[in-house]
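> fold the following for me, if possible:
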Amino acid sequence: MKRANTFMLFAAVPLLLAGLALPATADEFEDAVDAALFDPELIMQYQGEIGLSKEQSIAIRDTLKAHTEAMTGIQWDLVPMLQELTKALEPAKVDEARVRKLLRDILEQEAKAKEEQLVAMVRIKNTLTPQQQAKLRELKK
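Next up, the predicted model:
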């Protein structure tokens, strides 16, 4: 049993590092989130059909600008962290405590990125009226 748990731990680490979602429940969650929210490209494409006002358009653009700026900052912070982790894994004898700290820092940045993405999508959805949301759901199919 201990050997199986160790294998599962080592099998999970590359998935975390690669940013891959675990199957089944993670996929179902992602599908539910995608169904509940609206891609800004979809809104832009159908802005006439849903009657998007100038104020709504400006609000969505402002949200996207802020989101892009936040994500750029997160990426700039994340890249050196990933490089440092890569270097920390190179020696024949790896400092486990250092790797653990680096991994925690990386996962924290990735969590910030996911939070930023979700919050931006929620802000965009909240800009739309219930009627516009219903129309977009129809157009999404």
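
> quick one, strands of this protein?
With DSSP state E, there are no strands along the chain.

> tell me, what residue is most central in it?
Geometric centre of the chain, nearest residue: residue 114, 3.2 Å, by CA atoms, centre = their mean.

> wait, residue 128 touches residue 38, no?
Yes: assessed by CB atoms under 8 Å, residue 128 is found in contact with residue 38 at 7.0 Å. (Each C-beta comes from the backbone N, C-alpha and C, glycine too.)

> residue 135 versus the residue nearest to the centre of the chain, what's the distance?
Separation of residue 114 from residue 135 (CB to CB, to the nearest Å): 28 Å.

> point out where the chain drops to low pLDDT.
Applying pLDDT under 70 to the chain flags residues 1-24.

> longest helix in it, by number of residues?
Counting residues, the longest helix found in the chain (DSSP state H) is helix 54-88.

> what comes up buried for that one?
Neighbour-count burial for helix 54-88, counted by 16 or more other CB atoms under 10 Å, picks out 56, 59-60, 63, 67, 70, 74, 78, 81, 85, 88.

> tell me the one among those residues nearest to residue 45.
residue 60 (12.7 Å; CB to CB).

> just checking, residue 112 touches residue 74?
Yes: counting by CB under 8 Å, residue 112 does reach residue 74; the two are 5.5 Å apart.

> which parts of this structure are helices?
Going by DSSP H, the chain shows helices at 2-18, 25-36, 40-45, 47-50, 54-88, 96-127, 130-140.
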